[in-house]
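A.B. asks: Please find the sequence and the predicted model below.
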Amino acid sequence: MWREKLKQGFLENEEIMIELSIGGECGEWFPSLALYDKKNDSWYYFDNDIPPGTDQEEGLRNAIEFFEKLVIGLEKPVLKLSPLKEAPQEVYQKLTRFLEELRNEDKS
C-alpha cells in the first residue's frame, strides 16, 4: 500500500512526510526524495545514490526500490539540510519510526 502512495508523490505519518519527485534532463530521469519534518517545519533531502532512469517510469521504479531497501534495512539513509550540514539525530529517529510502521504494514 505504501508503494502506491509513494508513486503518487507523497508518503506521510503524523511526524514526517516523504516527497518523491522525478526530473528529466538530457534523456535521463533523476529521482529525488525529500523528508519534511512537520514539527520543526524543515525540509531535508536524501543524499543517497538513487540511479537515474532512461524514462520516467524507470526513474520512479529506481526510487521505489531504493526506498524499499530503506524500509527493510538494506540501505542507510543520509539526510542533509545542505551539502555540508547533515540532519539532526531527531530527524533520523522520526524516519526510523516511520520505516518501522511501513515494515509492520508490509507484514499485515
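C.D. replies: Good, I have the coordinates.
A.B. asks: how about the chain, which residue sits the furthest from its center?
C.D. replies: C26 (23.8 Å; Cα atoms, centre = their mean).
A.B. asks: Stretch 12-30: end-to-end distance?
C.D. replies: 22 Å (Cα to Cα, to the nearest Å).
A.B. asks: so who does the residue nearest the centre of the chain touch?
C.D. replies: Centroid-nearest residue in the chain: L33, 4.2 Å away (criterion: Cα atoms, centre = their mean). The contact partners of L33, by Cβ atoms under 8 Å, 6 or more residues apart in numbering, come to 18-20, 45-46, 50, 63, 66-67. Every residue, glycine included, has its C-beta placed from N, CA and C.
A.B. asks: quick one: which of those residues is nearest to E75?
C.D. replies: Using Cβ to Cβ, F66 comes nearest to E75 of these, at 6.5 Å.
A.B. asks: Next, the residue nearest to that closest one when sequence neighbours are not counted: phi, psi?
C.D. replies: Among residues not flanking F66 along the chain, I50 sits closest, at 4.7 Å (Cβ to Cβ, 6 or more residues apart in numbering). Note on I50: its backbone torsions stand at phi -110, psi 120 [degrees, to the nearest 10].
A.B. asks: Look at I50 and report its pLDDT.
C.D. replies: Per-residue pLDDT puts I50 at 95.
A.B. asks: again with I18
C.D. replies: In this model, I18 is scored at 98, pLDDT.
A.B. asks: biggest helix in the chain by residues?
C.D. replies: Secondary structure of the chain per DSSP state H: the longest helix is helix 89-107.
A.B. asks: Extract the C-alpha trace of that helix and format it as CSV.
C.D. replies: Output of helix 89-107 as CSV, limited to C-alpha atoms (Å, rounded to 0.1, in the frame of the first residue of the first chain):
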residue,chain,number,x,y,z
GLN,A,89,19.6,12.9,15.1
GLU,A,90,16.0,13.6,16.0
VAL,A,91,15.0,13.6,12.3
TYR,A,92,16.7,10.2,11.8
GLN,A,93,14.8,8.9,14.8
LYS,A,94,11.5,10.1,13.3
LEU,A,95,12.4,8.4,10.0
THR,A,96,13.3,5.2,11.8
ARG,A,97,9.9,5.1,13.5
PHE,A,98,8.2,5.8,10.2
LEU,A,99,10.1,3.0,8.4
GLU,A,100,9.1,0.6,11.2
GLU,A,101,5.5,1.5,10.6
LEU,A,102,5.9,0.7,6.9
ARG,A,103,7.6,-2.6,7.8
ASN,A,104,4.7,-3.6,10.0
GLU,A,105,2.3,-2.6,7.3
ASP,A,106,4.0,-5.0,4.9
LYS,A,107,3.6,-7.9,7.4
